[in-house]
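In: How does the following fold in three dimensions:
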Amino acid sequence: MDPHAISVLAGATLAGSMPFPEIVGKLIAQGVEYYHVDYATRSFTFYGEGVFVTAPLAYEALPVVALAWDAPALKAAILDSQQHGQPFRTFCEHAMRAGVQGYFAFLAGKRVVYMGRHGDQHVEWFPGAGPREG
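Out: Numbers count the residues shown, from 1 in each chain. Sure thing, here's the model as predicted:
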């Protein structure tokens, strides 16, 4: 993993200057296996083969993560991103108001695990993916 390339991709995510599927493809090409978005520390951490790269989630005036878990609001925010490509900042705001304190996006596993402040969780499969039988 090239830390500079990962930082550039994190910046593109924040700026909305590159389509998200393209960013994911470039992260995979860089050897990123999964990443963690942590709203408490306002950071991204990208992981691959024993290496990690951290980048700031540098948005001003994000809301405080809600104490209450609101799964329908989170699912609506996810759907809006998938179907309408809402800006990442808007997604962050909606997720935080829905009680998401962070999430792990498992690129090879094709799923995202969202977590709330009290351990609430929601697993969202990438479009076209799903749990394996057996």
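In: Hmm, residue 20 and residue 85 touching each other?
Out: Yes. Between residue 85 and residue 20 there is a contact under CB atoms under 8 Å: 7.4 Å. Quick note: C-beta positions are derived from backbone N, CA and C, even for glycine.
In: Residue ranges in the chain under the pLDDT threshold?
Out: By pLDDT under 70, the low-scoring segments of the chain are 133-134.
In: quick one: the helices in it?
Out: 3-15, 20-29, 71-84, 88-97 (DSSP state H).
In: Could you dump these into TSV and include distance to residue 56 and mean neighbour count?
Out: Output for the helices of the chain, formatted as TSV (distance: least, CB to CB, whole Å; neighbours: other CB atoms under 10 Å):
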stretch	distance to residue 56	mean neighbour count
helix 3-15	8	17
helix 20-29	17	14
helix 71-84	21	14
helix 88-97	13	18
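In: Nearest to residue 62, out of those helices?
Out: Closest of these to residue 62 is helix 88-97, at 6.2 Å (criterion: CB to CB).
In: What angle do helix 3-15 and the closest one make with each other?
Out: 80 degrees (axes from the mean of the first three to the mean of the last three CA atoms, to 10 degrees).
In: Run through who's touching helix 88-97.
Out: With CB atoms under 8 Å, 6 or more residues apart in numbering as the test, helix 88-97 has contacts from 13-14, 16, 20, 37, 39, 57, 59, 62-66, 70, 73-74, 76-77, 80-81, 86, 103, 114.
In: Cool, thanks, talk later.
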